[in-house]
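Peer 1: here is a sequence with its predicted model. Questions after.
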Amino acid sequence: MAKKRAHLLGFVQHGVNSHATGMWRHPKDKINWDWSRPAYWQHMARTMERGMFDAMFIADELAPYNNYEGSSDATVKYAVQCPVHEPSTVVPIITTATTHLGVGVTLSTAFEHPYSMVRRLSSLDHLSEGRIAWNIVSSYSKSEWDAYGAEMTKRSGRYERMEEYMELCYKLWNSWEPDAIVANRATGVFADPAKVHEVNHEGEYFRCKARSFVFRSPQGYPVLWQAGSSDRGRDFAAKHAEAIFAVHPNVERMREYTDDLDFRLEKRFNRKPGSVKRIYGVQTVVGLTRSEAQEKYERIQQCIPLEGAMAWISGHFGPDFSKYDPEEHVQNIEIPGIQGLFDSIIYAKGGAPVTVREAALIYAEGMGMPRVVGTPADIADQLEYFMDEGGADGFMFAATYTPGCFEEFVDLVVPELQRRGRLRTRYSGTTLRENLLEF
Ligand SMILES: Cc1cc2nc3c(=O)[nH]c(=O)nc-3n(C[C@H](O)[C@H](O)[C@H](O)COP(=O)(O)O)c2cc1C
């Protein structure tokens, strides 16, 4: 049987620091690069395209976390995913610097009407010639709701609303039939109104009476991406998503998730098992020798400020962790935030108890992702193992120092994966969907 090839994505934010807390202070971080200027994004994009990545994936949240010690002081002080600029603004910079690389952009449904969401995403799909994915989120953090002056809704209510959100998005994406534009200069008819359907939506959460303002984009609609992991979240993914992003600290948990998603696809939504790409988070630290890689890893760990780490787990999971004894076990704590990521730290030590302090420090290294430290061959071995035993279709690589971590991966690990037949050597599709669904 042919070996499965990996899809690769670079996981970043449009900010000073992504998912490894304190990395902005690493001596190799952004040497001569300014993350708030186009040249940095162009270089990151070209690096990932050189490494045959499917896409750069831009995570987002809408406001600084504000619940550690009841404020956003520690978030601001330690650059805990802060500052973060608007994610869709960098998309055209990335796609004009590249030819094949896609961009996954995280945009929240919480405070934006589906009409403008569709307009923005379809415009980006046009401008990128079909290289956009949308990571559909609904704003899990109270700080986001505070920033928009709204009362935070419950998880179940957010998913209910999101179902209707998607229903309206699909209607708008289908508003213009593929052959609606005739552009006949002689008659002066540009588009056939019979093929541009007005959407009439009167739902529980949204109303809309309009034709879409954007004609059908190259992909029709962006690749739909999702990262929910609660029971409702997994059903939402099984119903709508073409790719999911999940974090599991070991291969057993990956396998469990893979099987669960396949079950939902087949039994609940009449879709083929394996038809949703399972992209699992991984963080790599590569060296020419194991000891070099280990030294690099230790240097990275030294950048993490404990208080910043505590602010981050408070932000992602909901409770104010300053109120807990650092030696308390996280297994005993109920959280309203991102359950899927909390699970990644609960199981970080293979099920053995994890204290609050340990949880914060583990999480701050790279959002609870399994870490692979070693030579290019060690890393390729581990990625193959995650694919063959865990069911991974590909990997979302959490950044450490940038752009260096991606340069090193592309220079050292990519050729090793290609040699093993585990990574494409050229792009065969023209759109992101074609490349992602190709194998
Ligand atoms: C791996 C992973 C990455 C996520 N990235 C984001 C993100 O960038 N922005 C965001 O608002 N939510 C993000 N989320 C949150 C989810 O999209 C979802 O809203 C949240 O997990 C709550 O849903 P759930 O209870 O079904 O897990 C992420 C979740 C996971 C598991």
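Peer 2: Happy to help now that I have it.
Peer 1: element containing Leu224, please.
Peer 2: Using DSSP states H and E, Leu224 sits within strand 223-226.
Peer 1: name the strands paired with that strand and say parallel or antiparallel.
Peer 2: Taking DSSP bridges as the criterion, strand 223-226 sits next to strand 132-137 (parallel), strand 243-246 (parallel) in its sheet.
Peer 1: what residues does the first one touch?
Peer 2: The reference is to strand 132-137. If you take CB atoms under 8 Å, 6 or more residues apart in numbering as the criterion, strand 132-137 is touched by 55, 57, 59-60, 91, 102-109, 121, 124-125, 162, 166, 219, 222-227, 240-241, 243, 245, 432, 436. Every residue, glycine included, has its C-beta placed from N, CA and C.
Peer 1: give me the subset of these that also touch the ligand.
Peer 2: Ala59, Asp60, Thr106, Ser108, Ala227, Phe245 (CB under 6 Å from any ligand atom).
Peer 1: now the second one, what are its backbone angles?
Peer 2: Looking back up the chat, that one is Asp60. Here is the backbone geometry of Asp60 (degrees, to the nearest 10): phi -160, psi 150.
Peer 1: re earlier: dump the strands paired with strand 223-226 to TSV, plus mean pLDDT and mean neighbour count.
Peer 2: As requested, the strands paired with strand 223-226 are exported to TSV (pLDDT from 0 to 100; neighbours: other CB atoms under 10 Å):
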stretch	mean pLDDT	mean neighbour count
strand 132-137	98	26
strand 243-246	96	27
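Peer 1: would you map the helices across the stretch 201-350 of the chain?
Peer 2: In chain order, the stretch 201-350 of the chain shows helices spanning 231-240, 251-263, 269, 290-301, 306-317, 339-346, with DSSP state H, counting those that start in this stretch as the criterion.
Peer 1: what's the helix or strand just after the second one packed up against?
Peer 2: Toward the C-terminal end, the helix or strand that comes next after helix 251-263 (DSSP H and E) is helix 269. Applying 3 or more CB pairs under 8 Å, 6 or more residues apart in numbering; DSSP states H and E, we find helix 269 packed against helix 231-240.
Peer 1: what about this structure, any weak spots by pLDDT?
Peer 2: 1 (pLDDT under 70).
Peer 1: the strands in it, which residues?
Peer 2: In order along the chain, the chain carries the following strands (DSSP state E): 7-13, 55-59, 102-108, 132-137, 181-184, 189-191, 198-202, 207-211, 223-226, 243-246, 277-286, 371-374, 394-398.
Peer 1: report the angle between the first one and strand 102-108.
Peer 2: Angular relation of strand 7-13 and strand 102-108 on a 0 to 180 degree scale: 50 degrees, by axes from the mean of the first three to the mean of the last three CA atoms, to 10 degrees.
Peer 1: can strand 7-13 be said to contact the ligand?
Peer 2: No: applying CB under 6 Å from any ligand atom, one finds strand 7-13 separated from the ligand by no less than 7.7 Å.
Peer 1: what sits up against that strand?
Peer 2: 18-19, 44, 48, 51-60, 81, 84, 87, 104, 277, 279, 281, 393-399, 402, 406, 423, 436.
Peer 1: tally of neighbours for the closest residue to the ligand within the stretch 201-350 of the chain?
Peer 2: For the stretch 201-350 of the chain, the nearest residue to the ligand under the criterion CB to the nearest ligand atom is Gly233, separated by 2.2 Å. Summarising burial for Gly233: neighbours were counted as other CB atoms under 10 Å, giving 22.
Peer 1: does it touch Tyr159 like I think?
Peer 2: Yes: counting by CB atoms under 8 Å, Tyr159 is a contact partner of Gly233 at 7.1 Å.
Peer 1: the ligand contacts on the stretch 251-400 of the chain?
Peer 2: Residues of the stretch 251-400 of the chain found near the ligand, taking CB under 6 Å from any ligand atom as the criterion, are Gly281, Ile338, Gln339, Gly340, Leu341.
Peer 1: can you pull the contacts of the second one?
Peer 2: Spelled out, it's Ile338. When contacts are counted by CB under 8 Å, 6+ apart, Ile338 is found next to Tyr140, Ser229, His316, Phe317.
Peer 1: what of the last one?
Peer 2: Applying CB under 8 Å, 6+ apart, we find Leu341 in contact with Ser229, Val247, His316, Phe317, Tyr363, Met367, Gly368.
Peer 1: chain neighbours aside, what residue packs nearest to the second one?
Peer 2: Nearest non-adjacent residue to Val247, counting by CB to CB, 6 or more residues apart in numbering: Gly281, 4.1 Å away.
Peer 1: quick one on the thing from earlier: ok, which of the helices of the stretch 201-350 of the chain comes nearest Val372?
Peer 2: Proximity to Val372 (CB to CB) singles out helix 290-301 among the helices of the stretch 201-350 of the chain, at 9.1 Å.
Peer 1: helices and strands around the closest one, which ones?
Peer 2: Using 3+ CB pairs under 8 Å, 6+ apart as the contact definition, the elements that helix 290-301 packs against are strand 277-286, helix 356-366, strand 371-374.
Peer 1: columns mean neighbour count on top of those, output as a markdown table?
Peer 2: Output for those, formatted as a markdown table (neighbours: other CB atoms under 10 Å):
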| stretch | mean neighbour count |
| --- | --- |
| strand 277-286 | 24 |
| helix 356-366 | 23 |
| strand 371-374 | 20 |
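Peer 1: can I get those in CSV including distance to Val330?
Peer 2: Output for the helices and strands packed on helix 290-301, formatted as CSV (distance: least, CB to CB, whole Å):
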stretch, distance to Val330
strand 277-286, 19
helix 356-366, 5
strand 371-374, 19
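Peer 1: where does the stretch 51-200 of the chain get nearest to the ligand, residue-wise?
Peer 2: Ranking the residues of the stretch 51-200 of the chain by distance to the ligand (CB to the nearest ligand atom) places Ala59 first, at 3.1 Å.
Peer 1: let me see the contact set for that residue.
Peer 2: Ala59 makes contact with Phe11, Val12, Gln13, Ser18, His19, Pro87, Thr106, Asn135, according to CB under 8 Å, 6+ apart.
Peer 1: specify the beta-bridge partners of it.
Peer 2: In this structure, Ala59 has beta-bridge partners Gln13, where bridges are defined by DSSP bridges.
Peer 1: ok so, going back, quick check: which of the helices of the stretch 201-350 of the chain is buried the most?
Peer 2: Per residue and on average, the most neighbours among the helices of the stretch 201-350 of the chain fall to helix 306-317, with a mean of 25 (mean count of other CB atoms under 10 Å).
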